[in-house]
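**Q** Sequence plus the predicted model coming up.
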Amino acid sequence: MKLTRVCNCLALTAAALALSACGPATPSAPPAGPPQVNVVTVHRTRVPVEVQLPGRTSAYLVAQVRARVDGIVLKREFSEGSEVKAGQRLYEIDPAPFVATLHSAQASLEKARANLASTGALVERYKQLLPVNGVSKQDYDNAVSAQGQAAADVATAKAAVETAQINLGYTDVRSPITGRTGVSAVTQGAYVQASAATLMTTTQQIDPIYVDLTQASIEGLQLRREIADGHLQADGPNQAKVALTLEDGTAYPIQGTLEFSDVTVNPGTGSVTVRAVFPNPNGVLLPGMFVRARIRQGVANDVFLVPEVAVSHDPQGHATAMVVGQDDKVAIRKLDVRGTRDSAWIVDGGLQEGERVIVAGLQKVQPGAKVSALESGPADAGNTPVADASTAK
C-alpha cells in the first residue's frame with residue numbers, strides 16, 4: 001500500500017515538471033544602447049599666458065643710521081617701529097665738545113684774518129717806499145710772502161670752522177629717508193664712535209616695496225623661443241602687471257608692475273631674479289615676507305581651453321584626452337599642454353577645431369567604442385565654458 005502511494009507521488013511530480021517545461025518562455029531584456037558621455041566642443045582662442053613665481057619682499061630704500069661723531073647719546077626722539085620723515089631728528093649726541101671746538105675754530109679764524117690785515121697793510125706801505133728806495137726789494141718780497149701765508153691761514157681757519165660746524169651738526173642724528181624705523185640699537189647714555197660707525201637704528205621705506213621673484217632660466221629661454229616662433233605674442237613693457245598672493249593664501253588687492261629681469265643666471269640655482277614693485281599704502285607687506293606672484297608674459301594664439309576633468313596622464317606622463325569623432329566613436333588624443341588657466345588646461349597641440357572632448361563618463365568607454373554624446377554646459381563640465389574663454393584678451 002505504501003509503495004503504491006510513493007509511485008503515485010512520483011508520477012504526479014514528473015507530470016508537473018513536464019507541463020512546466022512546455023510552458024511559454026520568459027522574454028529576454030532588449031540589448032543596451034551605446035553608453036552616454038558628456039562632451040565639450042573646443043574652439044581655438046587667445047589666452048593670456050601667466051607664470052607663477054615664488055619670491056620675497058624687500059624694502060624700497062634701506063638706510064642704516066650710524067654714528068658720525070664720538071660721544072654720549074643724550075636722548076632718543078622716536079618710537080621704535082614708527083614712521084619718520086626725512087631729516088627728522090632721531091638721536092641727540094652730547095654737543096658740548098663740538099661747540100667748544102667750533103668756538104676755537106672761529107677764534108683761530110679771527111686771528112688769521114687780523115694777521116692778514118696786518119701783512120696786507122705792510123705790503124701796501126712797502127709798495128709805496130720801494131720806488132724811492134725807502135725799503136729794499138728783499139723786504140718788499142718778504143712782506144708779500146707773509147701776506148700770502150696769512151691768506152692761506154685764513155682759508156685753513158675757515159675750513160676748520162666748517163668742519164667744526166659739520167661735526168656739531170652730526171650730534172643731531174637725523175633720518176636720511178622717509179620710512180619706518182626698526183629697533184634702536186643704542187639707548188640713552190650709550191657711547192657711540194664714528195671710527196666704529198656704531199649702528200644706531202635702521203630706517204626702511206616700504207611704500208612702495210620691492211618683490212624679488214625667482215624664475216628658472218629655462219623658463220625664460222622657452223618664453224623667448226616661443227615669442228620668436230610666433231606662438232606667443234609678448235605684451236609691451238608697460239603692460240606687464242603682477243598680481244600677488246600672500247603667505248596665508250589671500251590675494252593682495254593692489255597690482256604691481258614689473259621693474260626688470262636680471263641678466264645674470266645664478267650658477268648655483270640656475271635661476272634669475274625678477275623684480276616687481278608694489279604700492280603698499282597700508283603697510284600690509286613687510287620686508288622678508290614670502291609671497292607668490294603671477295606675471296602676465298603675453299598672449300598665446302590659436303590654443304584650446306580643455307576642462308581639467310577631461311585631461312589625464314599616461315604612464316609616461318603625457319597628457320591625454322578622450323574625444324568623440326564624427327562617427328560617434330571614441331579616440332584618444334595625446335595633448336601638448338603649456339599650463340593651466342583657472343580650471344582648464346591650455347592646449348596648443350593634439351586637438352582639432354570643433355572636436356568634442358569627453359568630460360564625464362570616461363570610466364564607461366574605451367578607445368574605439370561607440371557612444372552617445374551629450375553636449376555639456378559649464379555646470380556639467382565643472383569648468384569655465386570654452387566659448388567665454390575665447391573673449392579673453
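**A** Arrived safely.
**Q** Can you list the buried residues in stretch 120-139?
**A** Residues of stretch 120-139 classed as buried: 120, 122-123, 126, 135 (neighbour count, 16 or more other CB atoms under 10 Å). (Glycine included, C-beta is placed from N, CA and C.)
**Q** And stretch 209-223, by the same measure?
**A** Residues 209-213, 215, 220, 223 are the ones in stretch 209-223 that count as buried (16+ other CB under 10 Å).
**Q** Looking at the residues you listed, which is nearest Leu305?
**A** Leu305 lies nearest to Leu223 out of the buried residues of stretch 209-223, by CB to CB, at 20.1 Å.
**Q** Of the buried residues of stretch 120-139, which is the nearest to Thr320?
**A** Gly120 (100.2 Å).
**Q** Touching, that closest one and Gly148? I think so.
**A** No: assessed by CB atoms under 8 Å, Gly120 is found out of contact with Gly148, at 10.3 Å.
**Q** would you turn the buried residues of stretch 120-139 into TSV with pLDDT and distance to Thr171?
**A** What follows is these, written out as TSV (pLDDT from 0 to 100; distance: CB to CB, whole Å):
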residue	pLDDT	distance to Thr171
Gly120	93	37
Leu122	92	42
Val123	92	42
Tyr126	88	47
Val135	88	51
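**Q** Restricted to helices, list those residues.
**A** Judged by DSSP state H, the buried residues of stretch 120-139 include 120, 122-123, 126 as members of helices.
**Q** With secondary structure, pLDDT and distance to Ala159 added, can I get the buried residues of stretch 209-223 in CSV?
**A** Converted to CSV, the buried residues of stretch 209-223 look like this (DSSP: H, G, I helix; E, B strand; the rest coil; pLDDT from 0 to 100; distance: CB to CB, whole Å):
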residue, secondary structure, pLDDT, distance to Ala159
Ile209, strand, 95, 42
Tyr210, strand, 95, 41
Val211, strand, 93, 47
Asp212, strand, 91, 44
Leu213, strand, 88, 50
Gln215, strand, 82, 53
Gly220, helix, 70, 54
Leu223, helix, 61, 58
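**Q** which residues of the chain score low on pLDDT?
**A** 1-32, 222-240, 297, 377-393 (pLDDT under 70).
**Q** Break it down into its structural domains.
**A** Under the assignment automatic domain parsing, the domains of the chain span 40-58+206-389, 95-170.
**Q** how many other residues sit next to Pro287?
**A** Pro287 has 16 neighbouring residues, counting by other CB atoms under 10 Å.
**Q** ok, it to Pro131 distance?
**A** Pro287 sits 77 Å away from Pro131, taking CB to CB, to the nearest Å as the criterion.
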